[in-house]
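Q: Give me coordinates for this.
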Amino acid sequence: MLRIKGVTKDEAPEDVRKIFEEQEKQYGSILNTAKVYGLRPTIQKGVQALQQGILASGLISGELRHLLCMKAASINGCPY
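A: Next up, the predicted model:
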């Protein structure tokens, strides 16, 4: 359960809603972190840019990044 209630798709501004729709296509649902970041769209845009930069660098594959996120969530006791 989220400690901070994130924004819902219906409440989200248009630019945040687009990110939510992309995540639904890719993952089948909206990630909890995106719901929280959606409370502050400028922060969400920065996080998205950071993630795209990491993937574009080629240093970490998308699959490895996903595994790292899952492991970090597991260590922190958070469902991913």
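Q: helices or strands next to the one helix or strand residue 63 maps to in the packing?
A: Here residue 63, judged by DSSP states H and E, is contained in helix 62-75. Counting contacts by 3 or more Cβ pairs under 8 Å, 6 or more residues apart in numbering; DSSP states H and E, helix 62-75 packs against helix 41-57. For the C-beta atoms, the positions are set from N, CA and C on the backbone; glycine is no exception.
Q: The same query, at a cut-off of 6 Å, please.
A: Judged by 3 or more Cβ pairs under 6 Å, 6 or more residues apart in numbering; DSSP states H and E, helix 62-75 is in contact with no other helix or strand.
Q: what's the average pLDDT for it?
A: The pLDDT scores in helix 62-75 average 86.
Q: ok, the residue nearest the centre of the chain - contacts?
A: The residue lying closest to the centre of the chain (Cα atoms, centre = their mean) is residue 34, at 4.1 Å. Applying Cβ atoms under 6 Å, 6 or more residues apart in numbering to residue 34 gives the contacts residue 23.
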